[in-house]
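*Asks:* need a 3D model of the following:
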Amino acid sequence: MTILFADCEISNESGLVPSAPSALASPLVGEWRSSSSASLATPSSCADLQWSISQDDASTYSGSFTATCGVGIQVEGTLTGLLVDDQITLTGTGTATPQGSTGCDFTLTGTARVVGETILLDYSASTCLGPVSGTEVLARF
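*Replies:* Take a look at the predicted model:
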């Protein structure tokens, strides 16, 4: 007979022993969104960022994102990141699609810092439409 308690298990054979970590999701896993859908201040900024985060292992994250940049340019892509302390170093790729035009590929780098119940995201991207950079505050939704 084995009984499971939090992070230990009791077994008839050996008494109290550590068990495998629980399968509870990381606090970062889930859906995140910009705290506001503010209008775009410049052609090289983005708004309405939505980021879906999944976890590959204890310190590696991946996910997908969407945003609106510049004057109605829709972007979507994937991100991977490595968590060290409270900061995730990000790399990503995706497609930027201007209204009424075909999309072009872009690459993105950035950092995400966990601050309480929010994520502060600093990013920069290189696209065929020019550079894009900014800072977003994301909250879970």
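*Asks:* output the lowest mean pLDDT helix or strand found in this protein.
*Replies:* Using mean pLDDT, DSSP states H and E, the weakest-scoring helix or strand in the chain turns out to be strand 2-5, at a mean of 36.
*Asks:* paired strands for the strand or helix carrying Leu138, with orientation please.
*Replies:* Assessed by DSSP states H and E, Leu138 sits inside strand 130-140. Strand 130-140 has the following strand partners under DSSP bridges: strand 30-34 (antiparallel), strand 118-127 (antiparallel).
*Asks:* what's the closest of those to Gly70?
*Replies:* For the strands paired with strand 130-140, proximity to Gly70 was assessed by C-beta to C-beta; strand 118-127 is nearest, at 9.4 Å. Placement of C-beta: from N, CA and C, glycine included.
*Asks:* contacts for the helix or strand encompassing Ala112, please.
*Replies:* Taking DSSP H and E as the criterion, Ala112 maps to strand 104-115. Residues outside strand 104-115 that contact it (C-beta atoms under 8 Å, 6 or more residues apart in numbering) are 28, 75, 77, 79, 81, 86-97, 119-129, 132.
*Asks:* can we see that at 6 Å?
*Replies:* 86-94, 96, 119-123, 125-128 (C-beta atoms under 6 Å, 6 or more residues apart in numbering).
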